[in-house]
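Enquirer: Sequence first, then the predicted structure:
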Amino acid sequence: MVRATARRTFLAGGVGVALAAAGCSRVPEGDALGRLRSQGTVRLGIAGEVPYGYVDEDGRFTGEAPELAKVIFKRLGIDRVQPVATDFSSLIPGLNSQQFDVVSAGMYINKERCAQVLFADPEYQMLDAFIVRKGNPKGLHTYQDVVRTRARFATGTGYAEIQYAVAAGIPEKDIVILQDQVAGLNAVESGRVDVFAGTALTTRAVVRKSSRAEATAPFAAVVDGRKKVDGGGFAFRPTDTTLRDAFNTELRKMRASGELFRILRPFGFTRAEMTTLTAKELCR
């Protein structure tokens, strides 16, 4: 089983072999959409994270990103999606060095990444939530509550929640960094920490069978006085505007018809995670 790691960190299982073999070749010139149609295959960079893109117990690549990619690229005349797994930090460099044609790993769209790649509109939006002891005895619902109560705070390796906690006034030296939300659940259940911060999606999934912990209601972190709502989407090379635009056209149709939600729902997404945000808005 591949662990879920909130959109941004290391891939368990050492499946980056394909990258090592691929090398760093020159990005081809010309129309990417036409080239991929001719090849009949699109290479999709993923990071082995549940529920975004991972290998299931039957050895099958699945997740919201591969399943969505299969539908959209089929409609664009590209019959086969070939997932290529690597660690999260290698996705953008791998995309720009032609190790894959497109990336989708629950990657949040932000200004820094928008300077490196071309994003499609997000297929989902995401708020934060906490894992806390059953009954939430310390009344922890926001990062400000953690500061007020001096609760022992934890989050995951490389999580965006580190930044949000620091912005709220939690000293970085006091943040307990754990491997993932499973480790976070264990730490809360055992009393080693009072709270573990993650995405609303992953926290509610991991506490589902717990008798000692629960997930709080989703909330937006406040950074520089503004509520932070993240959105995740597919990333393309900066030169592949035609491919990105064609992808966006199909994605927007699926948003409007409700088909997008039907694809994402089996992976734990709710209607609250559906969005009308655009990449342009999130790139500011």
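Expert: Structure's in. What do you need?
Enquirer: Name the residues that touch stretch 273-283?
Expert: 108-111, 114, 119-126, 200-201, 229-231, 233, 255, 260-261, 264 (C-beta atoms under 8 Å, 6 or more residues apart in numbering). C-betas here are computed from N, CA, C, even on glycine.
Enquirer: Which of the residues you listed fall within strands?
Expert: Among those, the members falling in strands (DSSP state E) are F119, Y124, Q125, M126, D230, G231.
Enquirer: Could you dump these into CSV and include pLDDT, neighbour count and distance to I72?
Expert: Below are the ones in strands among the contacts of stretch 273-283 laid out as CSV (pLDDT from 0 to 100; neighbours: other C-beta atoms under 10 Å; distance: C-beta to C-beta, whole Å):
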residue, pLDDT, neighbour count, distance to I72
F119, 98, 25, 15
Y124, 97, 24, 15
Q125, 96, 18, 19
M126, 94, 25, 20
D230, 93, 23, 22
G231, 95, 22, 17
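Enquirer: now, among the residues you listed, which is nearest to T62?
Expert: Each of the ones in strands among the contacts of stretch 273-283 was scored against T62 by C-beta to C-beta, and Y124 proved nearest at 16.4 Å.
Enquirer: Kindly provide the distance from the nearest residue to that closest one once chain neighbours are set aside to D194.
Expert: Distances taken as C-beta to C-beta, 6 or more residues apart in numbering place E273 nearest to Y124, at 4.6 Å, with adjacent residues excluded. From E273 over to D194 the distance is 26 Å, taken as C-beta to C-beta, to the nearest Å.
Enquirer: Next: V229.
Expert: V229 is 25 Å from D194, by C-beta to C-beta.
Enquirer: higher neighbour count, those two?
Expert: D194 (22 against 16; other C-beta atoms under 10 Å).
Enquirer: Skipping adjacent residues, who's closest to that one in space?
Expert: D194 sits nearest to A151 (C-beta to C-beta, 6+ apart), 3.9 Å away.
Enquirer: what number of residues lie near that neighbour?
Expert: When neighbours are counted by other C-beta under 10 Å, A151 registers 18.
Enquirer: from what I can see it touches K138, true?
Expert: Yes - using C-beta atoms under 8 Å, A151 is in contact with K138, at 5.4 Å.
Enquirer: Residues that sit against both of the two, list them.
Expert: Residues touching both A151 and K138 by C-beta under 8 Å, 6+ apart: D145, D194, V195.
Enquirer: which among those gets closest to R35?
Expert: V195 (48.4 Å).
Enquirer: and that closest one, what pLDDT?
Expert: pLDDT for V195: 98.
Enquirer: Okay, it and V42: tell me how far apart.
Expert: Distance, V195 to V42, using C-beta to C-beta: 40 Å.
Enquirer: Likewise for T241?
Expert: 16 Å.
Enquirer: higher neighbour count, those two?
Expert: V42 (25 against 13).
Enquirer: Surely the more buried one is within a helix?
Expert: No - using DSSP: H, G, I helix; E, B strand; the rest coil, the secondary structure at V42 is strand, not a helix.
Enquirer: Thanks a lot, catch you later.
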